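A.B. asks: Just need the structure, nothing else, for what follows:
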Amino acid sequence: MKEFYTAFIISLLLCACTFSEKTTSLSKQRVDSLSIFPSSVELRIGEEERFRVEARNREGESIFVSPKWSVEGDIGEIDEQGVFKATRAGQGTVKAIVGSILANSLVVVKEKVGFKPFFVYTEYTSGKDHFIPSGWMGDYGDITLDENWQENPHSGETCIKITYSAKATQGNRWAGIYWQNPANNWGTVDGGFDLTGASKLTFWARGEKGGEKAEFKVGGIRNRYSDSAVAGLGPVVLSKEWRKYEIDLKGKDMSYIIGGFCWVTNQVSNPEGCTFYLDDIKYE
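C.D. replies: Numbering: from 1, shown residues only. So this is what the prediction gives:
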């Protein structure tokens, strides 16, 4: 009988220890505090931010949790991984909930910054220009280029003067120049600019006599690193007076542009050759 009681007591002690261990294990998994990072953030419409949480138990130990995410205020949306995307300007809150524990982050969403003018050519050696007229094409021997022409510019002190002789020096009967980044980049190296937000390229042009014909283009270089868009204008018949021209870029993917600007003309359009001028070439 004594042996029976001894075994019974030991069994009770083992159950008590097991219960105690289970209770301790549950206690360790119980969330006592919850923090969210970042605790506040400022974004522009269209930008994203990944939020994360840090949960701790009563003993201050870090534990893994999968919070329920939500957004208060009509400022954006958040997925199950805590990635928030700003969709509307205003102020709101990103919330993370684990059981009855809540953590908040203040989110301020601002309007997109307007696209600032991005120059291809504004003034000789101005330091503001971003592409280089290095991509000479076709009868390149028929072309002369002067980026520092100081007689009758559209604005400032200089403009670009281009002369095409139409002699078919290389036998192609056409010629043109690409403004590229970096120089001589035909899509073989990673370069260019992200011009997202640009809705047009504008430039000023005039002919020496009037009646000169040329075509103008943005992008269109195809290779390993290709332009993300192409758009053009022309053929344009130039006036003797300065006139403003525009290449429409609305709806174009302007995220990667290495061929910032291009002109092309040919012997048929200008059988005796031509001279024309360009100035204030920029993305807007």
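
A.B. asks: List the buried residues for stretch 222-242?
C.D. replies: Neighbour-count burial for stretch 222-242 flags Tyr225, Ser226, Asp227, Ser228, Ala229, Val230, Ala231, Leu233, Gly234, Val236, Leu238, Trp242 (criterion: 16 or more other Cβ atoms under 10 Å). C-beta here means a position set from N, CA and C on the backbone, and glycine is covered the same way.

A.B. asks: Nearest to Lys250, out of those: which one, please.
C.D. replies: Ala231 (9.4 Å; Cβ to Cβ).

A.B. asks: which residues are contacting the host helix or strand of the closest one?
C.D. replies: Assigned by DSSP states H and E, Ala231 falls within strand 230-237. Identification of contacts with strand 230-237 by Cβ atoms under 8 Å, 6 or more residues apart in numbering yields 201, 205, 211-220, 245-249, 252, 269.

A.B. asks: Buried ones from those, can you make that a PyMOL selection?
C.D. replies: Selection of buried members from these for PyMOL, criterion 16+ other Cβ under 10 Å:
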select buried, resi 201+205+212+213+214+215+216+217+218+219+220+245+247+249+252+269
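
A.B. asks: Count the residues that sit near the spatially closest residue to Glu111 that is not a sequence neighbour.
C.D. replies: Nearest residue to Glu111 in three dimensions, chain neighbours excluded: Ala89, at 5.0 Å (Cβ to Cβ, 6 or more residues apart in numbering). Using other Cβ atoms under 10 Å, Ala89 is surrounded by 15 other residues.

A.B. asks: Verify the stated contact: Arg88 with Gly46.
C.D. replies: No: the criterion here is Cβ atoms under 8 Å, and Arg88 misses it with Gly46 at 10.5 Å.

A.B. asks: Secondary structure of Gly141: a strand, I assume?
C.D. replies: No: counting by DSSP: H, G, I helix; E, B strand; the rest coil, one finds Gly141 to be helix, located in no strand.

A.B. asks: Return the residues in contact with it.
C.D. replies: By Cβ under 8 Å, 6+ apart, the contact set of Gly141 is Lys167, Thr169, Gln170.

A.B. asks: Now secondary structure too, for these, in TSV please.
C.D. replies: Formatted as TSV, the contacts of Gly141 follow (three-state DSSP):
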residue	secondary structure
Lys167	coil
Thr169	coil
Gln170	coil
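
A.B. asks: Pick the one among those residues closest to Gly82.
C.D. replies: For the contacts of Gly141, the minimum distance to Gly82 (Cβ to Cβ) is 59.5 Å, reached by Gln170.

A.B. asks: what about the closest one, distance to Tyr245?
C.D. replies: Using Cβ to Cβ, to the nearest Å, one gets 28 Å for the distance from Gln170 to Tyr245.

A.B. asks: For the stretch 151-284 of the chain, just list every one of the strands.
C.D. replies: For the stretch 151-284 of the chain, strands defined by DSSP state E, counting those that start in this stretch occupy the ranges 159-164, 174-180, 200-207, 213-219, 230-237, 243-248, 259-266, 274-283.

A.B. asks: Put together a markdown table for these, with mean pLDDT and distance to Arg56 on each row.
C.D. replies: What follows is these, written out as a markdown table (pLDDT from 0 to 100; distance: least, Cβ to Cβ, whole Å):
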| stretch | mean pLDDT | distance to Arg56 |
| --- | --- | --- |
| strand 159-164 | 98 | 66 |
| strand 174-180 | 98 | 56 |
| strand 200-207 | 98 | 54 |
| strand 213-219 | 98 | 53 |
| strand 230-237 | 97 | 56 |
| strand 243-248 | 98 | 57 |
| strand 259-266 | 98 | 54 |
| strand 274-283 | 98 | 51 |
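
A.B. asks: With distance to Pro117 added, can I get those strands in CSV?
C.D. replies: As requested, the strands of the stretch 151-284 of the chain are exported to CSV (distance: least, Cβ to Cβ, whole Å):
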stretch, distance to Pro117
strand 159-164, 17
strand 174-180, 16
strand 200-207, 9
strand 213-219, 15
strand 230-237, 18
strand 243-248, 14
strand 259-266, 13
strand 274-283, 5
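
A.B. asks: Among those, which comes closest to Lys95?
C.D. replies: Each of the strands of the stretch 151-284 of the chain has some distance to Lys95 by Cβ to Cβ; the shortest is strand 274-283, at 40.6 Å.

A.B. asks: Direction included, what does that closest one pair against?
C.D. replies: strand 118-121 (antiparallel), strand 159-164 (antiparallel), strand 200-207 (antiparallel) (DSSP bridges).
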